[in-house]
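J.: Let's see this in three dimensions:
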Amino acid sequence: MNKQDFCKKYNLTKQQYDGREQISGYLDLGSLTSIPEGFNPTVGGYLDLRSLRSIPEGFNPTVGGSLDLSALTSIPEGFNPTVGSYLDLGSLTSIPKGFNPTVGGSLDLSAL
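T.: Presented below is the predicted three-dimensional model:
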């Protein structure tokens, strides 16, 4: 799915898509298994991406609440999101060198 189709389907502006405009509240994308390159939102509440199998390089969202990435088994180098509350990476089996997220609450790395 390209950027334009993604924005239309999930009712996002192009500025919200790339993080230049905050998405207030939460963003529930829990059924997605992949996201398009360049998607890098700023979300005031939680961001649910629980079904993602992979994330593209450069994906570093800013999330005021929780970020659910519980199905990911690996992350690319440079993935360092900013999360105000809980970051769920409970299925990761390894982390790349330099992994240094900003997390205000707890970080789940239980499968490591």
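
J.: give me the element residue 6 is part of.
T.: Per DSSP states H and E, residue 6 falls inside helix 3-9.

J.: looking just at contacts, which helices and strands does that helix meet?
T.: Based on contacts counted as 3 or more C-beta pairs under 8 Å, 6 or more residues apart in numbering; DSSP states H and E, the elements that helix 3-9 packs against are helix 14-17. The way it works is simple: take the backbone N, C-alpha and C, and place the C-beta from them, glycine included.

J.: Can you check the pLDDT for the residue positioned nearest the centre of the chain?
T.: The centroid of the chain falls nearest to residue 61 when counting by C-alpha atoms, centre = their mean (5.4 Å). Looking at residue 61, its pLDDT reads 98.

J.: where exactly do the strands run in the protein?
T.: Using DSSP state E, the strands of the chain run over 27-28, 42-43, 47-48, 62-63, 67-68, 82-83, 87-88, 102-103, 107-108.

J.: For those strands, give me TSV that also has mean neighbour count.
T.: Below are those laid out as TSV (neighbours: other C-beta atoms under 10 Å):
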stretch	mean neighbour count
strand 27-28	18
strand 42-43	22
strand 47-48	24
strand 62-63	22
strand 67-68	25
strand 82-83	20
strand 87-88	23
strand 102-103	14
strand 107-108	15
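
J.: Can you check which of those strands gets nearest to residue 21?
T.: With C-beta to C-beta, the closest approach to residue 21 among the strands of the chain belongs to strand 42-43: 7.5 Å.
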